[in-house]
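Chemist: Sequence plus predicted model, see below.
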Amino acid sequence: MAGQVGWNEDEVFESEEIAPQFEQALKNILAIVTTAGGKSEHICRITAFCIDKLAYLKARPARGAIWRKLMGKHFPAMSMIFVADLLDTPGKIELEATVVIPED
């Protein structure tokens with residue numbers, strides 16, 4: 001699926017911080033997966049694009065708690081890429097996912 005940034009369904013960023021944006025982006029991915037008939041365990045890969053390495057590392061405990069709350073113990077293959085900027089301001093992080101939903 002295409003990258004999801006940390007804005008809500010109205011395309012509004014409710015925070016300029018990494019952790020809340022990470023949580024919203026992951027919720028956005030999960031909403032798309034659910035709408036397509038899948039579950040979190042169908043996520044095979046996530047690539048994260050982030051504009052602030054120091055803030056990303058500093059938010060590690062909060063991101064871990066968010067992950068456990070939303071994804072449990074499912075850990076798909078993940079890549080982190082630090083970039084100069086994102087298209088959607090004030091976006092700090094964008095998550096892109098590969099999802100495979102098995103046929104019934």
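Modeler: Noted; the coordinates are in hand. No experiment lies behind these values; they were computed from the predicted model shown. Residues are numbered from 1 along each chain as shown.

Chemist: what's the straight distance from one end of stretch 46-62 to the other?
Modeler: Using C-alpha to C-alpha, to the nearest Å, the end-to-end distance of stretch 46-62 comes to 18 Å.

Chemist: quick one: the strands in this structure?
Modeler: Secondary structure of the chain (DSSP state E): strands at 4-5, 43-50, 77-82, 93-99.

Chemist: Next, name the residue at the spatial heart of the chain.
Modeler: Central residue of the chain (C-alpha atoms, centre = their mean): Leu26, 3.5 Å from the mean position.

Chemist: quick one: that residue and Ile66 touch, right?
Modeler: Yes: in this structure Leu26 lies within contact range of Ile66 using C-beta atoms under 8 Å: 6.8 Å. Yep, even glycine has a C-beta here, placed from its N, CA and C like the rest.

Chemist: hey, where'd the helices end up in this structure?
Modeler: Counting by DSSP state H, the chain has these helices, from start to end: 18-35, 53-58, 60-71.

Chemist: For Pro102, find the nearest of these.
Modeler: With C-beta to C-beta as the measure, helix 18-35 is the member of the helices of the chain nearest Pro102 (12.6 Å).

Chemist: hey, C-alpha coordinates of that closest one in CSV?
Modeler: Only the C-alpha atoms of helix 18-35 are listed here, as CSV (Å, rounded to 0.1, in the frame of the first residue of the first chain):
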residue,chain,number,x,y,z
ILE,A,18,7.1,11.6,15.9
ALA,A,19,5.4,9.1,18.3
PRO,A,20,1.8,10.4,17.8
GLN,A,21,2.4,10.6,14.0
PHE,A,22,3.8,7.1,14.0
GLU,A,23,0.7,5.9,15.9
GLN,A,24,-1.7,7.6,13.5
ALA,A,25,0.2,6.3,10.4
LEU,A,26,0.1,2.8,11.8
LYS,A,27,-3.6,3.1,12.6
ASN,A,28,-4.2,4.4,9.0
ILE,A,29,-2.4,1.3,7.6
LEU,A,30,-4.4,-1.0,9.9
ALA,A,31,-7.7,0.6,8.8
ILE,A,32,-6.9,0.0,5.1
VAL,A,33,-5.9,-3.6,5.9
THR,A,34,-9.1,-4.2,7.8
THR,A,35,-11.2,-2.6,5.1
